[in-house]
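> what's the 3D shape of this:
(one chain, ligands or ions: 1)
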Amino acid sequence: MCGIIGYSGKRAAMPVLISGLKKLEYRGYDSAGVALATDNGMLIKKQSGKVAGLAELVTTDPQHEQLSNAHCGIAHTRWATHGPPTTDNAHPHQGPLGKIVIVHNGIIENHNALRERFKAEGNVFKSQTDTEVLAHLIEAHYEGDLLEAVTKSLTEVVGTYGVTCMAADEPGVLVVARSGSPIVIGLGEDETIVASDAAAIITYTRQAIYLDDNDIARIEGSQVDIHSLGLGAVTRKQTEIDWSTDAAEKGGYDHYMLKEIYEQPEAIKNTMRGRLDTHRGTALLSGLNLSPRELVDIQRLLIVGCGTSMNAGLIGEYAVEDFAGIPAEVEQAAEFRYRNPIVGRGDMVLAISQSGETADTLAAVREAVEKGSLVAALVNVVGSTIARETGRGIYLHAGPEISVASTKAFTSQVSVLLMVALKLARANRLSREQGTIISREIERIPELVELVLKTNDQIEEVAKHYASYDNCFYIGRGYMYPVALEGALKLKEISYIHAEAYHSAELKHGPIALLEASMPVIAMLNKGPGQDKSLSNAAECKARSAPILGVITEGDEEARSACDHVIEIPDCPHYTSVIPATVALQLFAYHVAKIRGCAIDQPRNLAKSVTVE
Ligand code: G6P
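Coordinates of the predicted model:
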């Protein structure tokens with residue numbers, strides 16, 4: 001949540017900071033700002049609104065030349081937590097004398113107490129943010145050594161932070177620190193770029209160090225010294241980021257979301273590469289680090305996650321119970337962490353998170369570890385906190401996902417979950433022959449997605465009929481129930497249409513009261529167990545004048561006749577049909593949002609990575 005970038009080196013810092021902010025904008029985009037160490041001292045420019053506005057501001061600013069000549073600076077794009085998205089609340093924030101300037105992700109929980117203390121000392125605050133309080137604290141400790149001042153300050157704060165600071169008296173020096181909010185240090189030649197995620201640094205370098213919680217680093221040009229708070233100097237492993245720069249750009253598509261929808265066949269192939277053994281009818285998931293003997297001991301799978309990742313988990317629940325015959329449960333990560341969950345011997349907790357940084361999912365992981373559970377994670381971002389804290393799991397290898405609305409991460413998560421279910425099943429009752437059949441079907445998923453992508457124009461046509469409604473229902477049963485949940489989530493996130501998903505059977509227990517001609521129903525009617533019941537449910541909706549958009553199996557005339565409009569998906573088993581059906585609903589949501597003129601890649605109020613509770 002929020003994006004941070006900092007630069008120290010030989011280049012002009014400003015273009016690095018502005019282009020970095022553009023790459024990070026998906027993390028938050030309600031206001032943005034930059035601070036540069038110039039020959040005329042520290043200059044700060046910030047304003048509410050998006051990064052493009054800030055870029056315009058700095059180019060037309062009377063101090064443009066000084067700003068452009070600076071070689072060290074920090075910048076931030078904000079997702080408001082404390083105080084509305086005004087210019088005053090935008091980062092960077094300064095101490096009362098302007099000696100210290102900082103950008104910060106996370107939440108300082110004891111900011112009220114600290115603010116009262118400083119107010120009593122006569123300090124005046126310009127913003128409502130917790131971050132400004134931290135700037136005052138650092139300045140209060142500052143005696144000419146920024147590293148020392150930040151170190152002392154961080155021992156007094158409660159909460160989470162990824163923070164980057166500069167001092168007016170130490171131009172060229174950055175101090176960065178993390179606790180609960182990621183910081184990656186990009187190591188260039190004669191320069192260092194720090195950021196809240198790798199997307200902002202890969203244009204300049206692929207050599208990176210991910211800070212651990214409680215790490216603090218002093219950076220000056222290419223000199224990077226890392227300390228652990230209270231423990232002195234430490235060495236952190238250097239890693240190579242394997243994302244291509246193209247992967248983090250739009251590549252000719254109108255939106256990142258569309259690009260990422262189209263990347264799905266490749267992303268899923270990357271997810272599955274080397275992991276499916278169709279000969280032995282199983283999956284090779286070495287990151288789980290569990291032998292068949294240990295797999296057999298798993299008697300229940302507890303899946304935790306938030307948002308789209310939780311929806312993927314719900315499909316995993318069906319697959320694990322279906323293939324492996326062991327119980328699986330999905331729980332919203334925040335609920336899991338706070339309700340003192342019962343996690344026993346024989347349970348494995350599987351955390352799912354694209355970013356690997358979601359605060360509630362991370363806390364659920366910590367709770368599960370505390371309870372002595374076997375914990376594994378399914379994560380996309382390599383080196384993220386959840387990946388590191390579980391130390392056991394499966395990387396998605398889906399490539400960077402920039403669009404706030406998750407698409408390729410979801411289908412990659414589901415692909416992995418099908419493989420996890422297969423692996424667990426083979427360690428239990430599933431025969432090699434049955435395993436081979438399932439693994440061959442999983443192997444076909446990228447091809448199924450390609451076929452759906454080819455129907456993009458038809459889906460766009462269908463979207464025109466549904467773009468002007470204000471409300472709609474999605475319904476599905478069995479494996480298609482979570483697909484309905486995910487379809488509704490996509491539509492509401494990017495088009496702002498009020499979309500609610502219900503189990504098809506649940507509609508009659510209340511929601512049906514809302515059906516009328518202005519309430520379309522998007523019904524999952526593809527072939528599979530329960531299709532006959534789903535067709536009856538669609539007929540019940542139609543009888544109440546609701547327009548019906550059916551997701552049906554290609555060529556299924558009976559299903560087509562139950563609908564006003566259809567989106568067709570290829571014929572495949574119900575357990576893999578979840579993926580082509582979801583891709584069809586992603587395209588539907590995309591086109592509806594586009595027709596409505598919505599900011600597809602940056603929907604209002606959302607952020608890509610939710611690092612606050
Ligand atoms: C935010 C994003 C969603 C995402 C959820 C969980 O709400 O906007 O797209 O599904 O966080 O994120 P994670 O990174 O843990 O999968």
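> need the residues of the protein near the ligand, please.
If contacts are counted using Cβ under 6 Å from any ligand atom, the residues of the chain sitting beside the ligand are 306-309, 353-355, 358, 361, 404, 406, 606, 608-610. (C-beta placed from N, C-alpha, C; glycine too.)
> rerun at 5 Å
Taking Cβ under 5 Å from any ligand atom, the part of the chain that reaches the ligand is made up of 306-309, 353-355, 358, 406, 610.
> can you pull out the helices in the stretch 201-350 of the chain?
Assigned helices in the stretch 201-350 of the chain, in chain order: 256-262, 264-272, 292-296, 307-319, 333-338 (criterion: DSSP state H, counting those that start in this stretch).
> where among those is average confidence lowest?
Across those, the stretch with the lowest average pLDDT is helix 292-296; it has a mean of 88.
> quick one: list the elements packing against that one.
Secondary structure elements in contact with helix 292-296, counted by 3 or more Cβ pairs under 8 Å, 6 or more residues apart in numbering; DSSP states H and E, are helix 408-427.
> quick one: buried residues of the very next helix or strand once past the helix it packs on?
Proceeding C-terminally, helix 408-427 gives way to helix 432-443 as the next helix or strand, assigned by DSSP states H and E. Within helix 432-443, the residues that count as buried by 16 or more other Cβ atoms under 10 Å are 435-436, 438-439, 441-442.
> nearest to the ligand, of those?
Checking those against the ligand by Cβ to the nearest ligand atom gives I442 as the nearest, at 21.6 Å.
> isn't the closest one up against V416?
No. With contacts defined as Cβ atoms under 8 Å, I442 does not count as touching V416, sitting 10.1 Å away.
> hey, what's in contact with both of those two?
Any residue near both I442 and V416 by Cβ atoms under 8 Å, 6 or more residues apart in numbering counts here, and not one turns up.
> for the closest residue to V194 other than its chain neighbours, list the residues it contacts.
In space, not counting the residues next to it along the chain, V194 is nearest to G6; the distance is 4.3 Å by Cβ to Cβ, 6 or more residues apart in numbering. Applying Cβ under 8 Å, 6+ apart, we find G6 in contact with 17, 73-75, 103, 164, 166, 174, 176, 193-195, 219.
> domains of the protein?
3-241, 246-443, 450-600 (automatic domain parsing).
> export whichever helix in the chain runs longest as CSV, just CAs?
Assignment by DSSP state H gives helix 574-595 as the longest helix of the chain. Coordinates of each C-alpha in helix 574-595 appear next as CSV, following Å, rounded to 0.1, in the frame of the first residue of the first chain:
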residue,chain,number,x,y,z
HIS,A,574,-15.8,-29.0,-14.4
TYR,A,575,-12.6,-28.7,-12.3
THR,A,576,-10.6,-27.0,-15.1
SER,A,577,-13.6,-25.1,-16.5
VAL,A,578,-13.2,-22.6,-13.5
ILE,A,579,-10.3,-21.0,-15.3
PRO,A,580,-11.8,-20.4,-18.8
ALA,A,581,-15.0,-19.3,-17.1
THR,A,582,-13.1,-16.8,-14.9
VAL,A,583,-11.2,-15.4,-17.9
ALA,A,584,-14.5,-14.9,-19.7
LEU,A,585,-15.8,-12.9,-16.7
GLN,A,586,-12.6,-10.9,-16.5
LEU,A,587,-13.0,-9.8,-20.1
PHE,A,588,-16.7,-9.1,-19.5
ALA,A,589,-15.9,-6.9,-16.5
TYR,A,590,-13.1,-5.2,-18.4
HIS,A,591,-15.3,-4.2,-21.4
VAL,A,592,-18.2,-3.1,-19.1
ALA,A,593,-15.8,-0.9,-17.2
LYS,A,594,-14.3,0.5,-20.4
ILE,A,595,-17.7,1.3,-21.8
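> quick one: contacts for the residue in the stretch 501-613 of the chain that the ligand sits nearest to?
Proximity of the stretch 501-613 of the chain to the ligand (Cβ to the nearest ligand atom) peaks at V610, 4.6 Å away. Taking Cβ under 8 Å, 6+ apart as the contact definition, V610 lies against 1, 306-307, 358-360.
> looking at those residues, which one is closest to L134?
Distance to L134, by Cβ to Cβ, is smallest for M1 among the contacts of V610, at 16.2 Å.
> before we move on, the earlier item: by neighbour count, which of the contacts of V610 wins?
Highest neighbour count within the contacts of V610, by other Cβ atoms under 10 Å: T358, with 29 neighbours.
> looks like that one contacts T611 (just checking).
Yes. Distance between T358 and T611: 7.1 Å, which falls inside the contact criterion (Cβ under 8 Å).
> measure the spatially closest residue to I303 that is not a sequence neighbour to the ligand for me?
If you skip the residues right next to it in sequence, I303 has G313 as its closest partner in space, 3.8 Å away by Cβ to Cβ, 6+ apart. Distance check for G313 against the ligand: by Cβ to the nearest ligand atom, to the nearest Å, it reads 10 Å.
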